[in-house]
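Trainee: only geometry, no sequence info:
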């Protein structure tokens, strides 16, 4: 186990990383620190055909699964949208509307997909990071609790703002 861990550390230092549901952040960091950057897969990124990478599409998800299987990244970072799982969202009085139910179904499918990628990495004894707020209700989803029970990952609570994480949109940076 110790030798595998050392091999994985070397792979992270030399190998690819793939970030999912994220514009280039980890990849940019890797490039700046003389690590081999991998892929950024996000709706803000373009695929080989110049189209946004919308992981709502089964075809795009299958392409990403093949990419991870083929490139064997040392690290996969999954940062699916947390909007539907926030504490404020749980106060929503309109949870019984068809629109809300559809949005929640879609949000759960993105979490489930990230867990599929984490399973691929865990099975291959490679690294993964599933990033979601500690208070997010997504931690109670069956796919997440089953993953935690099966693989027993290290759970860490970190304030990403303290690491300089920001997002930029049409309204500015925050």
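Mentor: All right, it came through fine. This is a predicted model, so every value here is computed, not measured.

Trainee: Excluding chain neighbours, what is closest to residue 110?
Mentor: Spatially, and ignoring its direct neighbours in sequence, residue 110 is nearest to residue 80 (4.2 Å; Cβ to Cβ, 6 or more residues apart in numbering). Glycine gets a C-beta too; all of them are placed from N, C-alpha and C.

Trainee: Let me know how buried the one you found is, in neighbour terms.
Mentor: Using other Cβ atoms under 10 Å, residue 80 has 25 other residues around it.

Trainee: That one contacts residue 112, doesn't it?
Mentor: No - the criterion here is Cβ atoms under 8 Å, and residue 80 misses it with residue 112 at 9.2 Å.

Trainee: Now do the buried residues in stretch 99-115.
Mentor: 107, 108, 109, 110, 111, 112, 113, 114, 115 (16 or more other Cβ atoms under 10 Å).

Trainee: Tell me who's in contact with residue 103.
Mentor: If you count contacts by Cβ atoms under 8 Å, 6 or more residues apart in numbering, residue 103 has them with residue 84.

Trainee: In which helix or strand does it reside?
Mentor: Residue 103 belongs to helix 98-123 when assigned by DSSP states H and E.

Trainee: now swap in residue 77 and tell me
Mentor: Residue 77 belongs to strand 75-78, assigned by DSSP H and E.

Trainee: Which residue ranges of this protein form strands?
Mentor: 17-20, 39-41, 75-78, 127-130, 168-169, 172-173 (DSSP state E).

Trainee: Could you measure from the residue nearest to residue 78 when sequence neighbours are not counted over to residue 92?
Mentor: Spatial nearest neighbour of residue 78, chain neighbours left out: residue 114 (3.5 Å); criterion: Cβ to Cβ, 6+ apart. Relative to residue 92, residue 114 is positioned 23 Å away (Cβ to Cβ, to the nearest Å).

Trainee: still on that earlier bit, the strand holding residue 77 packs against which elements?
Mentor: strand 17-20, helix 98-123, strand 127-130 (3 or more Cβ pairs under 8 Å, 6 or more residues apart in numbering; DSSP states H and E).
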